[in-house]
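1. Task: produce atomic coordinates for the following.
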Amino acid sequence: MRTTVFILALASFGFLSTSALADLPPGKGHDETVKVCGKCHSAEQAASLHQSRTGWEETIAKMVSMGSEGTDDEYESIMNYLVANFGPEKPKPISVNKATPVELEAVLGLTKAESAAVIAYRTEKGDFKTIEDLKAVPGVDAKKIEARKARLAF
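-> Alright, predicted model coming up:
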C-alpha cells in the first residue's frame, strides 16, 4: 500500500518514470527507488526538486497517504538515496557586476537605497574587482557585504 501511494504521489508531481530511472545516479537505495517509483516518474523531474530530508519525508508521507506500497526498510533506503542525491542545493553566488537591484536586495540584504547606490557606483566607476571595492560604495553598510561575502562573485 505504501509503495502505491509513493508511486502515485511521485507520478502526480511527475518526478520519475521507468525509462528515466535507469539514468538515476548509482548508489545505495537506487534499486529500491527504481522498484518502488519506477513506473510513474522521470529522473529529470526528481533531480530538479532538491529537497531537504524534511521535504522528502513530507513528499514520501504524502505518497504513502495516496496508496504507495513498500516496506519501511524500502522507504528508509529511498529516503536516504533521495536526500544524498537530490538534497538541497547550495545557493549560487551573485555577480555583483551584473546583478539587478532586486537580486542585490534579496541575496545581500541591501535596502533599495543601498542597491541603487551599488548600481550607480558600478555604472559610474566600472565593474567591482574585489569585496573592498564593493564595501567602498557610499551609503552601503559594509557589514551586510561582509556577512554575505561567500555569496559574491566578481
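2. Break this protein down into its domains, please.
-> Domain assignment for the chain, taken from automatic domain parsing, gives 2-86, 94-153.
3. Out of those domains, which is the most enclosed?
-> Here the criterion is mean neighbour count by mean count of other C-beta atoms under 10 Å, and of the domains of the chain the winner is domain 2-86, at a mean of 18. Any C-beta I mention is one placed from the backbone N, CA and C, and that applies to glycine too.
4. Ranked by average pLDDT, which of the domains of the chain falls at the bottom?
-> Mean pLDDT is lowest for domain 2-86 out of the domains of the chain, coming in at a mean of 73.
5. what sits up against stretch 75-88?
-> For stretch 75-88, contacts defined as C-beta atoms under 8 Å, 6 or more residues apart in numbering pick out 2, 6, 24-25, 27-30, 32-33, 36-37, 46-47, 49-53, 55-57, 60, 64, 70.
6. would you put the C-alpha positions of it in CSV?
-> C-alpha atoms of stretch 75-88 as CSV (Å, rounded to 0.1, in the frame of the first residue of the first chain):
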residue,chain,number,x,y,z
TYR,A,75,11.2,3.8,2.2
GLU,A,76,14.1,4.5,4.5
SER,A,77,16.5,3.4,1.7
ILE,A,78,14.6,5.6,-0.8
MET,A,79,14.7,8.5,1.6
ASN,A,80,18.4,8.2,2.2
TYR,A,81,19.0,7.9,-1.6
LEU,A,82,16.9,10.9,-2.4
VAL,A,83,18.5,13.1,0.3
ALA,A,84,22.0,12.0,-0.8
ASN,A,85,21.4,12.6,-4.5
PHE,A,86,18.7,15.2,-4.6
GLY,A,87,19.1,17.2,-1.4
PRO,A,88,19.1,20.9,-1.2
